[in-house]
Each structure stands twice: as structure tokens, then as C-alpha cells.
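Novice: the sequence isn't on hand, but the structure is:
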């Protein structure tokens, strides 16, 4: 893909992943790079029509998303908002003759019980984990839309599944934050306030595959350039770690030695999640470069800088 001739739209370009993607795209010198403001409501069809005019490539990164707390509190909003944003944006992109549509999916779309590591072909083999199913199914419907639009209109759209993201510019506050930023905030507060313990959700036994934001951006751009299959494409680190080991790693990076109190009345979420990235390695030459230790150190340094 010759980016210098392409007019590119990035929804969610002011958010965590989107802002990093925009910075990398600027280095490719596209003919035009559009990032709608956060006030542009993508649940309105007319807004989706307006922003997709005279555009060649769309990265749909915008989402109403959060951690387990938000999924428990507002599953209806998460379903409604994400379903409408994805449906309207893809339809208007098709109507306006977009060359390629890249949609950011979610690992929450995969079945709750599935072989590990999770391969793309497992997507349709069961129901998602209940706590995050509303969000996961709303995003999964975009894959159905993509398949249908490919069949009827020959519309070129792909879906990229990015596993648990972390890194600088993430959301570290409240129920909207995911596991790594939530832990970083808790250990930071413990250090500032000389606490003897930190309370964490669940029992620490689930495993997750964490991907540093810069590696995710590299994968998204490679997918835009090289991937055209209607099946989703997994991006991850290719390795997993238990939440308990993750907590110990973050605690050590803060140079702390605290008691970890696990609140088992709160949900664990899916018990095991590690994705296969063999397809991404083979088809787009995806190769994540940042180790979890390196990524966490960089993220914590960034967080400290903006919270001192």
C-alpha cells in the first residue's frame, strides 16, 4: 500500500490505541489523515456518512470499552453503543466507496471455553464469557457484517483482534481501566500512602496475553497493508502470565513488598486466555518486539512522570 496516496480516517484517534496509531501513520506521510473529535457521535448515521466521504482507508478503533467493573455495571450501553458505531460506520464506508476498512475487534468475542492458544477459527464454536458477552457479541456482529458485505458488495473489510493491551496513555482511573493500569494505579497509591497491602479482584489464577501498544500499532498497519481475509486476525505477544504473577512483577517494579489480598467475591473473568499469533506471523510478518518486563517498566515510568 502506498500510504502517500491514501486518505486515511482513524476513529478513536484521540484514545489510547488510536493516538499511538495516528502518530505512526503520520510517519508514513499519507495524503490526508483525519481523526474525528471525541464529540463526533458515531452512533449517529449522519456523522458516519460525513466522516467517510472522500476517504480511502478506515481504521475503526473507537469503542465504548472498559474493564470487568464497567461490563458488570453497563452491559446494555456497551452492547448498544458498539453495535451502532460499527454497523453505521461500515455501511457508510461501503456506500462512500472506501477501499479498505480495518476494524478493531476484541478477544471477548471468543467462546468462554476454547482450546488454548486461541486460534481464529475457534470464533464460532461457543458463547463468550458472560461478564463481557454484551461487549464481545456487539463487536462480533461487525464480523458478521463484514462477511455479509464481502459476499454481497465485495467490500474489503478486515477485523483485527488485539489481546490485552497496555502501555503509555492508557486509562488508569476508575472502573473503565483494564487490569494492568488498574494494578499500576493501586500500587502507586500504596507506595504514596505507605500502605501494607493492596486488594485485587478475583483470586489471581486466570492467565492473560498482554501486548504492548507499540507492537499492536505495528500489527494494525501491517494488517492494513497485507491482510484481506474475512476471518479475524489475532495480534498478541504469543505468551501468557497469571494475574498473580503479573501483580508480583508490577509490585517489584515499584520496589515494594506488600501483602496481596485477593477479593474472590469479584469476578475473575475468563480463566485462561492466550492467543495463537501464527497466522499473523505467517501472513503479515508480525513480530512483537517488546517483552512484558520492558513494556511494564516503560508504562510505569510514563505513569510516574504524569502523576508526580
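Specialist: Okay, I see it. Since this is a predicted model, take the numbers as computed values, not measurements. Numbering: from 1, shown residues only.
Novice: is residue 261 in a helix, a strand, or coil?
Specialist: At residue 261 the chain is in strand, as set by DSSP: H, G, I helix; E, B strand; the rest coil.
Novice: the residue nearest to it when sequence neighbours are not counted sits in which helix or strand?
Specialist: Nearest-residue entry for residue 261: residue 199, 4.6 Å, with adjacent residues in sequence omitted and distances by C-beta to C-beta, 6 or more residues apart in numbering. C-beta coordinates here come from the backbone N, C-alpha and C atoms, glycine included. Assessed by DSSP states H and E, residue 199 sits inside strand 197-201.
Novice: before we move on, what about residue 228?
Specialist: Assessed by DSSP H and E, residue 228 sits outside every helix and strand.
Novice: where does pLDDT dip in the stretch 51-200 of the chain?
Specialist: The model of the stretch 51-200 of the chain has pLDDT under 70 over residues 174-176.
Novice: coming back round to it: what's next to the helix or strand that the strand holding residue 199 is followed by, contact-wise?
Specialist: Using DSSP H and E, the helix or strand that follows strand 197-201 towards the C-terminus is strand 207-208. Strand 207-208 has contacts (C-beta atoms under 8 Å, 6 or more residues apart in numbering) with 163-164, 179, 240-243, 246, 271-274.
Novice: where along the stretch 101-250 of the chain do the strands fall?
Specialist: Secondary structure of the stretch 101-250 of the chain by DSSP state E, counting those that start in this stretch: the strands cover 157-162, 164-166, 197-201, 207-208, 210-212, 233-235, 241-242.
Novice: between these, which gets nearest to residue 124?
Specialist: Smallest distance to residue 124 across the strands of the stretch 101-250 of the chain (C-beta to C-beta): 13.2 Å, for strand 157-162.
Novice: related to what we said a few turns ago, now list the buried members of the contacts of strand 207-208.
Specialist: The neighbour count (16 or more other C-beta atoms under 10 Å) marks 163-164, 179, 240-241, 243, 246, 272-274 as buried among the contacts of strand 207-208.
Novice: including distance to residue 58, could those residues go into TSV?
Specialist: Output for those, formatted as TSV (distance: C-beta to C-beta, whole Å):
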residue	distance to residue 58
163	22
164	24
179	29
240	32
241	34
243	35
246	34
272	33
273	28
274	30
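Novice: distance of residue 2 relative to residue 220?
Specialist: Using C-beta to C-beta, to the nearest Å, residue 2 is found at 18 Å from residue 220.
Novice: secondary structure element holding residue 298?
Specialist: Element membership of residue 298 [criterion: DSSP H and E] is helix 292-305.
Novice: what's the answer for residue 24, then?
Specialist: Using DSSP H and E, residue 24 falls in helix 16-26.
Novice: next, the angle strand 157-162 makes with that helix.
Specialist: Our comparison of helix 16-26 with strand 157-162, counting by axes from the mean of the first three to the mean of the last three C-alpha atoms, to 10 degrees, yields an angle of 120 degrees.
Novice: from here on, call the first residue 41.
Specialist: Done: numbering now begins at 41, and the last item shifts to helix 56-66.
Novice: packing partners for the strand or helix carrying residue 122?
Specialist: Assessed by DSSP H and E, residue 122 sits inside helix 115-135. In terms of contacts (3 or more C-beta pairs under 8 Å, 6 or more residues apart in numbering; DSSP states H and E), helix 115-135 is packed against helix 85-91, strand 97-100, strand 140-146, helix 173-193.
Novice: nearest to residue 297, out of those?
Specialist: Closest of the helices and strands packed on helix 115-135 to residue 297 is strand 140-146, at 35.4 Å (criterion: C-beta to C-beta).
Novice: is residue 304 in contact with residue 239, as I believe?
Specialist: No. Residue 304 is beyond contact range of residue 239, at 11.0 Å (criterion: C-beta atoms under 8 Å).
Novice: in contact with residue 252, which residues?
Specialist: So residue 252 contacts 205-207, 277, 328, 330, 334-335, 338 (C-beta under 8 Å, 6+ apart).
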